[in-house]
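Peer 1: Whatever this is, show me its structure:
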Amino acid sequence: MNSLQLSPKQLQEICHDFTNKPNGINTLLSIMLNSLMKAERKDFLVSNHCHGNKANGYRSLRGLGIGEQIELAIPRDRLGQFKPLLLEVMREQQDMLNELCFELYANGLTTRQIEGITENIYGKKLSKSAVSRITESLYEDMKAFRERPLEPHYPIIYLDATYVKTKRETVSSEAYYVVLGVKLDKTREVLGIYNAPTESAALGTASAKT
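Peer 2: Numbers count the residues shown, from 1 in each chain. Next up, the predicted model:
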């Protein structure tokens with residue numbers, strides 16, 4: 001198969017447009033938050049047997065990301081009774097959500113580990129059964145994200161790294177890399193996320209080959 005060649009001018013235009021768009025870290029954060037809210041609504045509709053109530057699309061909301069705002073899709077229900085608890089958590093614990101987002105997508109976690117992260121997010125705001133149901137939905141979204149088909153060719157591969165305070169035996173700043181591919185229509189796609197204690201060219205090279 002012949003790969004499509006772009007002129008230097010086209011590549012320059014793509015790079016210029018791409019670097020002025022939201023970064024990959026925020027793209028990933030948006031995916032996680034939207035997945036959690038969608039799972040919340042699903043659990044709400046199952047737990048509250050209101051006759052005639054069902055999912056009713058989404059409304060857009062700008063939320064605080066890392067360094068800039070991100071686009072969120074807030075789920076709605078037909079009767080207007082559903083309010084995502086995650087919005088309250090976002091106002092109270094934005095730093096924690098950022099860290100948990102990286103942990104979710106940078107590591108191949110088991111369902112039990114994901115449930116632990118979900119419990120950290122919602123605390124005592126939800127019952128254990130609700131946390132389990134939301135975990136199941138979040139796990140399916142993560143699985144679909146990891147297994148989705150990728151484009152056969154990306155003219156540009158872009159590495160976006162940020163440091164996040166991460167709790168292990170101690171609290172330290174660790175580098176998280178998001179690998180993004182720029183498609184021919186100039187849109188970006190998250191290809192993967194990798195964690196390393198320090199930012200290194202070696203990791204960047206390995207990530208690009210993955």
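Peer 1: Okay, helices next: where are they in this protein?
Peer 2: For the chain, the helices defined by DSSP state H cover 8-19, 24-47, 85-92, 94-106, 111-122, 128-147, 201-209.
Peer 1: Relative to Glu71, which of the ones you listed is closest?
Peer 2: Glu71 lies closest to helix 24-47 among the helices of the chain, at 6.2 Å (C-beta to C-beta). All C-beta atoms are positioned from the backbone trio N, CA, C, and that covers glycine.
Peer 1: Relative to Leu180, how far out is Glu189?
Peer 2: Going from Glu189 to Leu180 by C-beta to C-beta, to the nearest Å gives 7 Å.
Peer 1: Who has more neighbours out of those two?
Peer 2: Neighbours were counted for Glu189 and for Leu180 using other C-beta atoms under 10 Å; Leu180 has more, 25 against 15.
Peer 1: quick one on the thing from earlier: any chance of a markdown table for the helices of the chain, columns mean pLDDT?
Peer 2: Below are the helices of the chain laid out as a markdown table (pLDDT from 0 to 100):
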| stretch | mean pLDDT |
| --- | --- |
| helix 8-19 | 54 |
| helix 24-47 | 84 |
| helix 85-92 | 82 |
| helix 94-106 | 71 |
| helix 111-122 | 80 |
| helix 128-147 | 82 |
| helix 201-209 | 49 |
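Peer 1: Which of those sits closest to Asp185?
Peer 2: Closest approach to Asp185 among those is made by helix 8-19 (9.6 Å; C-beta to C-beta).
Peer 1: Of all the helices of the chain, which one is nearest Ile193?
Peer 2: Once the helices of the chain are compared by C-beta to C-beta, helix 94-106 is nearest, at 4.6 Å.
Peer 1: per-domain residue ranges of this structure.
Peer 2: Split into domains by automatic domain parsing, the chain comes to 24-147, 150-209.
Peer 1: TSV for the helices of the chain, including distance to Asn53 and mean neighbour count?
Peer 2: TSV is the format used below for the helices of the chain (distance: least, C-beta to C-beta, whole Å; neighbours: other C-beta atoms under 10 Å):
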stretch	distance to Asn53	mean neighbour count
helix 8-19	42	12
helix 24-47	7	21
helix 85-92	18	15
helix 94-106	28	20
helix 111-122	22	17
helix 128-147	17	16
helix 201-209	44	13
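Peer 1: JSON lines for the ones you listed, including distance to Asp160?
Peer 2: JSON lines is the format used below for those (distance: least, C-beta to C-beta, whole Å):
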{"stretch": "helix 8-19", "distance to Asp160": "10"}
{"stretch": "helix 24-47", "distance to Asp160": "4"}
{"stretch": "helix 85-92", "distance to Asp160": "22"}
{"stretch": "helix 94-106", "distance to Asp160": "12"}
{"stretch": "helix 111-122", "distance to Asp160": "22"}
{"stretch": "helix 128-147", "distance to Asp160": "17"}
{"stretch": "helix 201-209", "distance to Asp160": "11"}
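Peer 1: quick one, which of those helices is nearest to Ala73?
Peer 2: Per C-beta to C-beta, nearest to Ala73 of these: helix 24-47, 5.0 Å.
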